[in-house]
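Based on what follows, work out the 3D shape:
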Amino acid sequence: MIYLGVDDTDMPGTLGTNKFARALAERLAEHYDCALIVRHQLLLDPRVPYTSKNSSASLMLQPKNGAGVERLIGELRSFIGEWFIEGSDPGFSITEEIPEEVTAYGKRCQREVIKQEEARDLAAKHGIHLEGCGGTNDGVIGSLAAIGLIADGNDGRVVKIGDWPDDLDGVQDVETVQDRGVEIQCAETAEQVTTGKVDVGKHLRPNRRHGRIVLYAQPPIDGCREADCWRAVRFT
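The predicted structure follows:
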């Protein structure tokens, strides 16, 4: 498995990092199967320059047709170059192994202001490819955080699951959501929901928790569109 992190690819009024990551997965599909894309929330602080919500994205890629890391680096440079928007500061990181120190760094990026030099030093220490692609190159900070956080398996909102289309919205049968590898849990008790219906909202956006994909939901209440309809709850 190859782990890829991307950050700071957008500007106000443009497509965000999540859509960039999905478009990137489509671009890479001939040589890399995308198992998962996860959005990670980083620190919200006026000292940190970001477009809107300071999120980065991680992708889990399974190479095929003899592809590897070196090919992926070239593809990233090309794609980000085509996508680049003046004023953005994109960066990416690529590795096949993620040490615990990088996961700890990712968690710190969620509560501390981190300098670009620290990200570069940490990546160099562990042989992780880290590259800026324009502007200040500060996107390297969040991109390294993203791969650390996806390795932890306990962070983020899932944006893409395998080759499933992003076509689930509104009220769905619980079984339909489960068929996509998503557990549904009661947000209040953590008990699994196995029957009935669930309103997933505008898009199905479960969370990654304990290495699993989990959709948290609130139990049915009076006024639901259907008597047994649970309602999805979004967490970062």
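
switch to C-alpha atoms for all contacts and neighbour counts from now on
Noted.

shaky segments in the protein?
9-15, 44-53, 84, 87, 221-227 (pLDDT under 70).

For it, which segments are assigned as strands?
2-7, 32-41, 55-63, 91-95, 129-132, 157-161, 171-173, 183-186, 197-199, 207-209, 212-218, 229-233 (DSSP state E).

Could I get the CA-only coordinates of the longest one as PDB?
Extracted in PDB, the C-alpha atoms of strand 32-41 (Å, rounded to 0.1, in the frame of the first residue of the first chain):
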ATOM      1  CA  TYR A  32      -3.300   2.800  -8.700                       C
ATOM      2  CA  ASP A  33      -6.500   1.600  -7.100                       C
ATOM      3  CA  CYS A  34      -7.700   4.000  -4.500                       C
ATOM      4  CA  ALA A  35      -8.900   2.100  -1.400                       C
ATOM      5  CA  LEU A  36      -9.700   5.200   0.600                       C
ATOM      6  CA  ILE A  37      -9.700   9.000   0.700                       C
ATOM      7  CA  VAL A  38      -9.900  10.600   4.100                       C
ATOM      8  CA  ARG A  39     -10.300  14.300   5.100                       C
ATOM      9  CA  HIS A  40      -8.400  15.400   8.200                       C
ATOM     10  CA  GLN A  41      -9.200  18.500  10.200                       C
END
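
that older thread, ranking the strands of the chain by burial, who's on top?
Most buried of the strands of the chain by mean neighbour count (mean count of other CA atoms under 10 Å) is strand 2-7; its value is a mean of 28.

What strands flank that one, and is each parallel or antiparallel?
Here strand 2-7 is paired, per DSSP bridges, with strand 55-63 (antiparallel), strand 91-95 (antiparallel).

what residue lies at the spatial centre of the chain?
The centroid of the chain falls nearest to V38 when counting by CA atoms, centre = their mean (1.9 Å).

Return the set of residues that bridge with that one.
In beta-bridge terms (that is, DSSP bridges), V38 pairs with S58, V158.

Report the contact partners of it.
57-59, 150, 156-160, 208 (CA atoms under 8 Å, 6 or more residues apart in numbering).

Run the chain-centre distance for stretch 23-40.
Mean-position distance between stretch 23-40 and its chain equals 11 Å (CA atoms, centre = their mean, to the nearest Å).

show me the contacts for L130.
Counting by CA under 8 Å, 6+ apart, L130 has contacts 91-94, 120, 123, 140, 144.

Which parts of this structure belong to which domain?
With automatic domain parsing as the criterion, the domains of the chain are listed as 2-158, 167-233.

number of nearby residues for E101?
E101 has 11 neighbours, counted by other CA atoms under 10 Å.

coming back round to it: adding distance to I73, write the strands of the chain out as a markdown table.
Formatted as a markdown table, the strands of the chain follow (distance: least, CA to CA, whole Å):
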| stretch | distance to I73 |
| --- | --- |
| strand 2-7 | 10 |
| strand 32-41 | 12 |
| strand 55-63 | 13 |
| strand 91-95 | 8 |
| strand 129-132 | 8 |
| strand 157-161 | 21 |
| strand 171-173 | 39 |
| strand 183-186 | 34 |
| strand 197-199 | 39 |
| strand 207-209 | 26 |
| strand 212-218 | 28 |
| strand 229-233 | 36 |
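
which stretches of the chain form helices?
For the chain, the helices defined by DSSP state H cover 17-28, 69-83, 100-108, 116-125, 139-152, 174-178.

Out of those helices, which one sits most buried?
For the helices of the chain, where neighbours mean mean count of other CA under 10 Å, the stretch averaging the most is helix 139-152, with a mean of 29.

I'd like to know which elements that one is packed against.
Counting contacts by 3 or more CA pairs under 8 Å, 6 or more residues apart in numbering; DSSP states H and E, helix 139-152 is packed against strand 2-7, strand 32-41, strand 55-63, strand 91-95, helix 100-108, helix 116-125, strand 129-132.
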